[in-house]
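> missing the sequence, but the structure's below:
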């Protein structure tokens, strides 16, 4: 926990970005009967719907840079994770000297998976630029990407989305608007606060 909090306490450095990564499943559903809006603007939707499968939402957010990007993938397996990490290192931050990556301890979060997807030279070049910091068990709330996922679900996604493509359009509209506003995250919970408010989590000496 303190390792994560120490990272959040650092000043912004363009060459050494701190990036938070988290994912969440999303059930795709289509309507059996077409919804409609009455003259007062009230939307009526039928309770019946059809399941269209599940996709995974990958939230990438740089808290101090005011940047986020959302990827919609078919699953959260280790090879998918590897491609997302490569996208962060090579596409979003190709010139960064070192990227601190905050993520949870999901079983699919294995840097070794990069070797299963890319040639050894490429996999190693990505790993050498990463400093991975993982949130503790039962401490996923420390990941700012999880907070951003909550905001996305409230602001940017309709209750029923039928296709992966439609979901991608919705999340892209949301994160582009957030990026235009350069919405940064000012993390207020510090290590000194944790030692007081979460004192029960520390060993008794």
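Received the coordinates, thanks. Because the structure is predicted, anything quoted here is derived from the model rather than measured.

> check which element follows the longest helix seen in the chain along the chain.
Counting residues, the longest helix in the chain under DSSP state H turns out to be helix 164-180. As assigned by DSSP states H and E, the chain's next helix or strand after helix 164-180 is helix 191-197.

> which secondary structure elements does that following helix contact?
helix 2-8 (3 or more Cβ pairs under 8 Å, 6 or more residues apart in numbering; DSSP states H and E). Placement of C-beta: from N, CA and C, glycine included.

> these two touch, right, residue 101 and residue 129?
No - the pair residue 101 / residue 129 is not scored as a contact, 9.9 Å apart, by Cβ atoms under 8 Å.

> picking that back up, and the longest helix of the chain, average pLDDT?
Averaging pLDDT along helix 164-180 gives 95.

> residues in contact with it?
For helix 164-180, the external contacting residues (Cβ atoms under 8 Å, 6 or more residues apart in numbering) are 26, 28, 55, 57, 66-70, 72, 74, 152, 155-158, 161.

> ok, now with 7 Å
The contact list for helix 164-180 (Cβ atoms under 7 Å, 6 or more residues apart in numbering) reads 26, 28, 55, 57, 67-70, 72, 152, 155-158, 161.

> helices of the chain, start to end?
2-8, 78-86, 114-117, 120-127, 144-155, 164-180, 191-197.

> between the ones you listed, which gets nearest to residue 134?
helix 2-8 (8.2 Å; Cβ to Cβ).

> from the chain's centroid, how far away is stretch 110-120?
21 Å (Cα atoms, centre = their mean, to the nearest Å).

> give me the distance between the two termini of that stretch.
Terminal residues of stretch 110-120 lie 15 Å apart, using Cα to Cα, to the nearest Å.

> go on, stretch 101-119?
By Cα to Cα, one end of stretch 101-119 lies 22 Å from the other end.

> can you give me how far it is from the chain middle?
15 Å.

> next, name the residue at the spatial heart of the chain.
By Cα atoms, centre = their mean, the mean C-alpha position of the chain lies nearest to residue 59, the distance being 2.2 Å.

> and the gap between that residue and residue 22?
5 Å (Cβ to Cβ, to the nearest Å).

> same check, this time on residue 178
Applying Cβ to Cβ to residue 178 and residue 22 gives a distance of 16 Å.

> again, but for residue 42
From residue 42 to residue 22 the distance is 34 Å (Cβ to Cβ).

> of those two, which one has the most company?
Taking other Cβ atoms under 10 Å, residue 42 and residue 22 do not tie; residue 22 has more neighbours (22 against 8).

> looking at residue 101 and residue 129, which is more packed in?
residue 101 (22 against 17).

> so the more buried one makes contact with residue 21?
Yes - applying Cβ atoms under 7 Å, one finds residue 101 in contact with residue 21, separated by 6.1 Å.

> coming back round to it: which two of the contacts of helix 164-180 have the greatest separation?
It's 28 and 67 that sit farthest apart of those, by Cβ to Cβ, at 26.9 Å.

> one step back: need the winner for burial among the helices of the chain.
Most buried of these by mean neighbour count (mean count of other Cβ atoms under 10 Å) is helix 78-86; its value is a mean of 20.
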